[in-house]
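K.L.:
Need coordinates for the below:
(chains A and B)
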Amino acid sequence: MRSPFRPYTLPDASVLAAHKSLIRSLERRGLIRGGLSLGALVMLTGCDVERPESVESALLAISRFNDRVQAWLFDPNRLAPTYPESMILRPPKFNAYYDVTEVKPVDGTSWRLDVAGLVAEKRAWTLPDLQALPQRSMVIQHICVEGWSYIGGWTGVPLRTFLERCGADLRAKYVSFKTADDYPSSIDMATALHPQTLLALKYGDETLADPFGYPVRLRMATKLGYKNPKWITAIEVTNTYPGGFWESKGFPWFAGL
Amino acid sequence: MRETMRPLVTAGRPLHPLPLRIMHWVNAVVMLVMITSGWGIYDDDVIIRGFHFGSFWRLGDWAAWSLNWHFAGMWFLAINGVAYLVYGVASGRFRTKLLPIRPAEVVRTVVDTLHFRIAHEDLTVYNAVQKLLYVIVILAGIAQVVTGLAIWKPVQFSGLVALMGGFQTARVLHFAGMAIIVGFLVVHVTLALLVPKTLLAMLSGGPRVGAQVSDKEELVR
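P.N.:
Next up, the predicted model:
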């Protein structure tokens, strides 16, 4: 019986001759090798099985929904519990995306704090400028997303006071921070205006030590630890979502306590 | 056409009605998500020194995704859990199947079990130990939501945290609640596999219960 795959008219013999070397190279070995490569590719994609793109985007969508729920749960008038000064841990715990030995100290005399965005007065602040503003102290619990916590005592300028002095648009959505250690961060305006949100200059009664953010860091009683940038160099008031260091790696943005 | 009289029979409902089966399996999946993603979060800062779960047991390849799984799963756990509690109370299922639990019966069942006199022919009735375990795991589930709220929002729910004796205690309680639920799961799944008809009943609905033969007769044409 004639094979159904056999062409009715055979190609010109010269065509076969011209492609003889190519046809010879179609070895079974090549096919097997190709098959194995395909298999290996499937195995590689297998690394992603736990977090395929669709799952990742669904989880991030829920995380953004959770940000809105958290903003709704946040009571701007509710104060976090405070503790006696005797409970302050000295020195505080160090935490960053790198080791404490890699901290690069900031020179307080040449340091400037740039203010930008939706503010009336865009200018650079010096450390004495900030020290001259009204100060507030708080002894609060620092809670890390990992689960550990400690009691810390912080003194500095309430961020609300600072934003008011800058003539910031307090109806803007976000306040974002840039730091000397390349750790961008941002918070919602409601939290920025909370009385327990400080631009901290001191720990306990002493000037901030280098590993903990000298000359200025953010300390909020109502956010997880990773929302508190150290060595702040710039503040911007904005309506455009600024994100942050850990947020860009998948961590929740609001991170309210 | 002949006419006869026969007793009126009302067909009962399945042992596990459909809504209950759906809630059971939703809960099974969500519980596994919450437990294994919780292990991922736990491993970042362990409570018991030297005790890690390891990557095989964790949902989420690192802490950020374990957190995202946990904070996504919590909605499904809470909504499904509330639906289950409302159903259990409203349908009378909790009252008829889980109560009363008499201590003497619990002791007798434990003794019987240790002597391998464990009765499981009748799926429609729970023995005292089963009742006790189900009540414990339901309460543990509720406690997980409460301790979970406390460590998720320790400032907004600071009263709750104070009641538990602080953030770290709330965290340990949340961990202990997980341990109770996992302990229950080991027993629950082992017994379901040993007596497969219980597993099938949770899929198909199981035997019909509450069928009644009425005093009245109906006319059959």
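K.L.:
C-alpha only now, for contacts and for neighbours.
P.N.:
Fine.
K.L.:
For burial, what's the neighbour tally of residue 99?
P.N.:
Unless you meant another one, I'm taking chain A. 10 (other C-alpha atoms under 10 Å in any protein chain shown).
K.L.:
I was thinking of chain B, sorry if that wasn't clear
P.N.:
Under the neighbour criterion other C-alpha under 10 Å, B:L99 is assigned a count of 14.
K.L.:
List the contacts of it.
P.N.:
B:K131 (C-alpha atoms under 8 Å, 6 or more residues apart in numbering or on different chains).
K.L.:
do that again at 10 Å, thanks
P.N.:
Residues in contact with B:L99, defined by C-alpha atoms under 10 Å, 6 or more residues apart in numbering or on different chains, are B:R93, B:Y126, B:A128, B:K131, B:L132, B:V135.
K.L.:
so what's the first one closest to, chain neighbours aside?
P.N.:
When you say that, I think you mean B:R93. Excluding its sequence neighbours, the residue lying closest to B:R93 (C-alpha to C-alpha, 6 or more residues apart in numbering or on different chains) is B:Y87, at 7.9 Å.
K.L.:
looking at this, the one you found is in a helix?
P.N.:
Yes. Counting by DSSP: H, G, I helix; E, B strand; the rest coil, one finds B:Y87 located in a helix.
K.L.:
Okay, it and chain A: tell me how far apart.
P.N.:
27 Å (C-alpha to the nearest C-alpha, to the nearest Å).
K.L.:
Might one say that that residue is in contact with B:P19?
P.N.:
Yes. In terms of C-alpha atoms under 10 Å, B:Y87 counts as a neighbour of B:P19; the distance is 8.6 Å.
K.L.:
still on that earlier bit, in ChimeraX, how would I select the buried members of the contacts of B:L99?
P.N.:
The following ChimeraX line selects those of the contacts of B:L99 that are buried, judged by 16 or more other C-alpha atoms under 10 Å in any protein chain shown:
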select /B:126,128,131,132,135
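K.L.:
interface residues of the stretch 1-150 of chain A facing chain B?
P.N.:
Residues of the stretch 1-150 of chain A lying close to chain B (C-alpha under 10 Å from any C-alpha of the partner chain) are A:48, A:50-51, A:55-56, A:58-63, A:65-66, A:70, A:73-76, A:78-81, A:141, A:143-150.
K.L.:
Among those, which lie within helices?
P.N.:
Cross-referencing these against helices under DSSP state H gives A:V55, A:E56, A:A58, A:L59, A:L60, A:A61, A:I62, A:S63, A:F65, A:N66, A:Q70, A:L73.
K.L.:
Quickly note the distance from the fifth one to A:G147.
P.N.:
Same thing as A:L60. In this structure, A:L60 and A:G147 are separated by 22 Å, where distance is defined by C-alpha to C-alpha, to the nearest Å.
K.L.:
again with the second one
P.N.:
Noted for A:E56: a distance of 23 Å to A:G147, by C-alpha to C-alpha.
K.L.:
Please report how far A:I232 lies from A:G156.
P.N.:
For A:I232 relative to A:G156 (C-alpha to C-alpha), the value is 13 Å.
K.L.:
Neighbour count: those two, which is higher?
P.N.:
Using other C-alpha under 10 Å, the more surrounded residue of A:I232 and A:G156 is A:I232, with 28 against 24.
K.L.:
Verify the contact between the more buried one and A:R219 for me.
P.N.:
No. Taking contacts as C-alpha under 10 Å, A:I232 lies outside contact range of A:R219: 11.4 Å.
K.L.:
what's the overlap in contacts for these two?
P.N.:
Shared between the contact lists of A:I232 and A:R219 (criterion: C-alpha under 10 Å, 6+ apart) are residues A:L199.
K.L.:
buried residues in stretch B:195-202?
P.N.:
Using 16+ other C-alpha under 10 Å as the burial criterion, the residues of stretch B:195-202 that qualify are B:K197, B:T198, B:L199, B:A201, B:M202.
K.L.:
List of residues touching stretch A:67-77?
P.N.:
The set of residues external to stretch A:67-77 that reach it, using C-alpha under 10 Å, 6+ apart, is A:61-66, A:188, A:190-196, A:222, A:252-257, B:152-153, B:155-157.
K.L.:
cutoff 6 Å now
P.N.:
A:H194, A:F254 (C-alpha atoms under 6 Å, 6 or more residues apart in numbering or on different chains).
K.L.:
And for stretch A:211-220?
P.N.:
With contacts defined as C-alpha under 6 Å, 6+ apart, stretch A:211-220 is touched by A:108, A:196-201, A:208, A:228-232.
K.L.:
Pull the distance from it to the chain's centre.
P.N.:
In terms of C-alpha atoms, centre = their mean, to the nearest Å, the centre of stretch A:211-220 is found 17 Å from the chain centre.
K.L.:
Would you mind measuring the gap between the ends of it?
P.N.:
Using C-alpha to C-alpha, the end-to-end distance of stretch A:211-220 comes out at 18 Å.
K.L.:
now stretch B:47-56
P.N.:
Looking at stretch B:47-56, the gap from its leading to its trailing residue is 19 Å under the measure C-alpha to C-alpha.
K.L.:
Over to stretch B:38-49?
P.N.:
As for stretch B:38-49, its first-to-last residue distance stands at 17 Å under the measure C-alpha to C-alpha.
K.L.:
Check the secondary structure at A:K104 for me.
P.N.:
coil.
K.L.:
what about it, how many neighbours?
P.N.:
The criterion is other C-alpha under 10 Å. On that basis, A:K104 has 13 neighbouring residues.
K.L.:
so how far is A:T126 from it?
P.N.:
Counting by C-alpha to C-alpha - A:K104 and A:T126 are separated by 19 Å.
K.L.:
hmm, back to that, please pick the buried ones from the residues of the stretch 1-150 of chain A next to chain B.
P.N.:
Neighbour-count burial within these applies to A:51, A:56, A:59-60, A:62-63, A:66, A:70, A:74, A:76, A:80, A:141, A:143-149; the criterion is 16+ other C-alpha under 10 Å.
K.L.:
how far away is the closest residue to chain A within chain B from A:T233?
P.N.:
Of all residues in chain B, the one sitting closest to chain A is B:K153 (4.4 Å; C-alpha to the nearest C-alpha). Using C-alpha to C-alpha, we find B:K153 at a distance of 30 Å from A:T233.
K.L.:
got it, and B:I118?
P.N.:
When C-alpha to C-alpha is the yardstick, B:I118 and A:T233 sit 71 Å from each other.
K.L.:
The closest residue to A:A168 other than its chain neighbours: what's it in contact with?
P.N.:
In this structure, A:A168 finds its nearest non-sequential neighbour in A:V119, 3.9 Å apart by C-alpha to C-alpha, 6+ apart. Residues touching A:V119, when contacts are defined by C-alpha under 6 Å, 6+ apart, comprise A:G167, A:A168, A:D169.
K.L.:
Near residue 112, how many residues? Count them for me, please.
P.N.:
Picking chain A for this. 18.
K.L.:
that's the wrong chain, I wanted chain B
P.N.:
By the measure other C-alpha under 10 Å, the count of residues near B:D112 is 13.
K.L.:
Quick check: which element contains it?
P.N.:
In this structure, B:D112 sits in helix B:103-114 according to DSSP states H and E.
K.L.:
tell me the average confidence for that helix?
P.N.:
Average pLDDT, helix B:103-114: 89.
K.L.:
Pull the distance from that helix to the chain's centre.
P.N.:
Taking mean C-alpha positions (C-alpha atoms, centre = their mean), helix B:103-114 and its chain are 22 Å apart.
K.L.:
Ok, stretch A:215-230 next?
P.N.:
Averaged over its C-alpha atoms, stretch A:215-230 has a centre that lies 13 Å from its chain's centre (C-alpha atoms, centre = their mean).
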